[in-house]
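Participant: prediction below, plus the sequence it came from.
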Amino acid sequence: MAVTNNAMIIRRDLLARVAKLLLEDRLVEDIDRIPVQIRPKNGDVSRCCVYKDRAMLKYKLMALLGFSIQQEDEEITPLSVYAKRALERENISEPPLTVVDDACSGCIKANYTVTNICRGCVARPCIINCPKKAIDFHSGHAEIDPKKCVNCGICQKNCPYHAIVYIPVPCEESCPVGAISKDKEGIEHIDYNKCIYCGKCIVACPFGAVMEKSHLVEVIQALKSDKKVIAMVAPAIAGQFKAPLENIISAIRKLGFDDVIEVARGANVTTTHEAQEFEEKMAEGQAFMTTSCCPCYTEAVKKHLPELSPFVSHTKTPMYYTAEIARKAYPDAKLVFIGPCLAKRYETARDPHADYMLSFEEMGAIFIAKGIDVTKCEGTILDADVFASSRGYAVSSGVASAVQKALKNHTPITPVHIDGLNKANIRELKGFVKNCPGNMVEVMACEGGCVNGCNVIANYKIATRQIKEIASSSDNRQ
Amino acid sequence: MEKKLVVKICTGTLCYVMGGAELQVIDEYLPEDLLDKVDIKGAPCLEHCNNCDGPKAPFVEVGDKVIAEASVTKVVDAIKEALGGK
């Protein structure tokens, strides 16, 4: 999500600095200087002091080197040691997320707190109605004991002065499946039996404590090697810069990739298969079919909506088909998927052909490090075999409309769009098994589509406009 | 006709990645009475990034004034100030 806030800007600054050091072969020598450069003595601070800020920057840099914070040797181990290890590493490690535990803990244990608006009234309905006896009176004011509070909110509803406020825990609030919660010490942990890799917690945390483990080291090392390196760019790319797709693709080539393949090419295959599958399923009398291209949604089905799995299309994702095409053309190359979200990083790690994943944000950081201005790059010629509708996959309703256009037997189709997964529509999806309002359900985990993924650069409204333009202007059959 | 205040928002890649992308919709944050007094446009790299050490992007020009590390509020405030508003 392209919401400008300091946590996001710090992460991008760190990424650009690491990318620069990697490109200049100075990573091991100079990475320990970064926290001091960003938080010099007597400069501005975000937390209590420069030392705490620097320590948090160090942990964030560990994640950008591809490590979990739990992989820390000793607190004293310098970043250069991890940098060396990252450069020698053979494989990317899972899970794709890590919580910087020291940066977390800013959030309160109980969601309800009594403010100084409390009048210390005689009625005291907060105390009388609390089912856990969690409220006491101290110096004329009510006080909630966080150890006893169960966040039911009854006290807030009963206070005649509106003196009790609800304070959200942003990461927990944003998680659509209850996968992130506090341990005994109040530190957030992700339960990977529940996590669907939507990345909403990354965006939500005001401390920037939830970090993706980057493949930046692997990708830049591959680009510097003699090996062929191929970029596969997700359709959402067309909205990421104030430049035409032709220019963006040539800018990516300038990063050192030997070829840049649009994932929209794989979307051609997805559309054709999915349209055929839809017509077969409807002919067999199945009530509805859902899309399968959003890995966050398919993960949600696996972990939270098993009853829906018979209805999910068996067609593979555009990335899968693109990687298959790329592997056939370049058997020994490193294949790098460039995309907008964490779920695709998770999918990349499981894909039989793709090797690494670069987020749009990380790609942007390499542009900065290399001094490439996308808007000043000359355009290339676009792949003429890509359907216009395939370039529209990144916007909500784009997939369903591509499938609709590709139907061969005029099977009646009523599309239903689930635009952004949240607690409410996950429940709604469950209900579809018994009663679905249409027969083709398109599910996108991010509101607005992939253009609003957790790692995008552009504002999603602008990106949507640009994508719709290219999806309708490309001159070909679909 | 009264001359409009020109607001140039850098769309160069450094500025765009460092938060300039969000500034492209600055018109959504402006009060209606100011909207027709400004001419907001995206501009190719304004070349301010070459003149300083360290990342000070994103850059925005409000009239003759250059705003570094521009945020929505900084730009809106600068527009109000330039137009002699409150």
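Facilitator: All right, it came through fine. Numbers count the residues shown, from 1 in each chain, chains lettered A, B, ... in the order given.
Participant: does chain A sit close to the longest helix seen in chain B?
Facilitator: The helix that spans the most residues within chain B, counting by DSSP state H, is helix B:72-82. Yes: judged by C-beta under 8 Å from any C-beta of the partner chain, helix B:72-82 and chain A are in contact via B:V72. Placement of C-beta: from N, CA and C, glycine included.
Participant: state the mean pLDDT of that helix.
Facilitator: For helix B:72-82, mean pLDDT is 92.
Participant: chain center to that helix: distance?
Facilitator: Mean-position distance between helix B:72-82 and its chain equals 8 Å (C-alpha atoms, centre = their mean, to the nearest Å).
Participant: which positions in the stretch 351-478 of chain A make contact with chain B?
Facilitator: A:361, A:364-365, A:367-368, A:372-376, A:457-459, A:461-462.
Participant: again, only this time at 10 Å
Facilitator: Contacts of the stretch 351-478 of chain A with chain B, taken as C-beta under 10 Å from any C-beta of the partner chain, map to A:360-361, A:363-365, A:367-368, A:370-377, A:456-463.
Participant: out of these, which end up buried?
Facilitator: For these, a burial check counting by 16 or more other C-beta atoms under 10 Å in any protein chain shown picks out A:360-361, A:363-365, A:367-368, A:370, A:372-375, A:377, A:456-460, A:462-463.
Participant: helices - which of those residues land there?
Facilitator: Those of these lying in helices (DSSP H): A:F360, A:E361, A:M363, A:G364, A:A365, A:F367, A:I368, A:K370, A:Y460, A:I462, A:A463.
Participant: closest one of these to chain B?
Facilitator: Closest approach to chain B among these (C-beta to the nearest C-beta): A:G364, at 3.7 Å.
Participant: residues in contact with the closest residue to that closest one other than its chain neighbours?
Facilitator: Excluding the flanking residues, the one nearest A:G364 by C-beta to C-beta, 6 or more residues apart in numbering or on different chains is B:V17, at 3.7 Å. Neighbouring residues of B:V17 by C-beta atoms under 10 Å, 6 or more residues apart in numbering or on different chains: A:2, A:9, A:12-13, A:15-16, A:240-241, A:360-361, A:363-365, A:367-368, A:374, A:457-458, B:55, B:57-58.
Participant: just say helix, strand or coil for A:S181.
Facilitator: Three-state assignment for A:S181 (DSSP: H, G, I helix; E, B strand; the rest coil): strand.
Participant: is it in contact with A:E172, as I believe?
Facilitator: Yes: contact criterion C-beta atoms under 10 Å: A:S181 and A:E172 qualify, at 6.4 Å.
Participant: which of these two has more residues huddled nearby?
Facilitator: A:E172 (17 against 14; other C-beta atoms under 10 Å in any protein chain shown).
Participant: need phi/psi at that one.
Facilitator: Torsion angles at A:E172 (phi, psi; degrees, to the nearest 10) stand at phi -70, psi -40.
Participant: show me what the helix or strand of chain B with the lowest mean pLDDT is packed up against.
Facilitator: Within chain B, no helix or strand scores below helix B:32-35, which has a mean of 89 by mean pLDDT, DSSP states H and E. For helix B:32-35, the packing partners by 3 or more C-beta pairs under 10 Å, 6 or more residues apart in numbering or on different chains; DSSP states H and E come out as helix B:72-82.
Participant: for the helix it packs on, buried residues please.
Facilitator: B:V72, B:V75, B:V76, B:A78, B:I79, B:A82.
Participant: nearest to chain A, of those?
Facilitator: B:V72 (7.1 Å).
Participant: so what's the residue in the stretch 151-300 of chain A that chain B sits nearest to closest to, chain neighbours aside?
Facilitator: Proximity of the stretch 151-300 of chain A to chain B (C-beta to the nearest C-beta) peaks at A:K242, 3.8 Å away. Spatially, and ignoring its direct neighbours in sequence, A:K242 is nearest to B:T11 (3.8 Å; C-beta to C-beta, 6+ apart).
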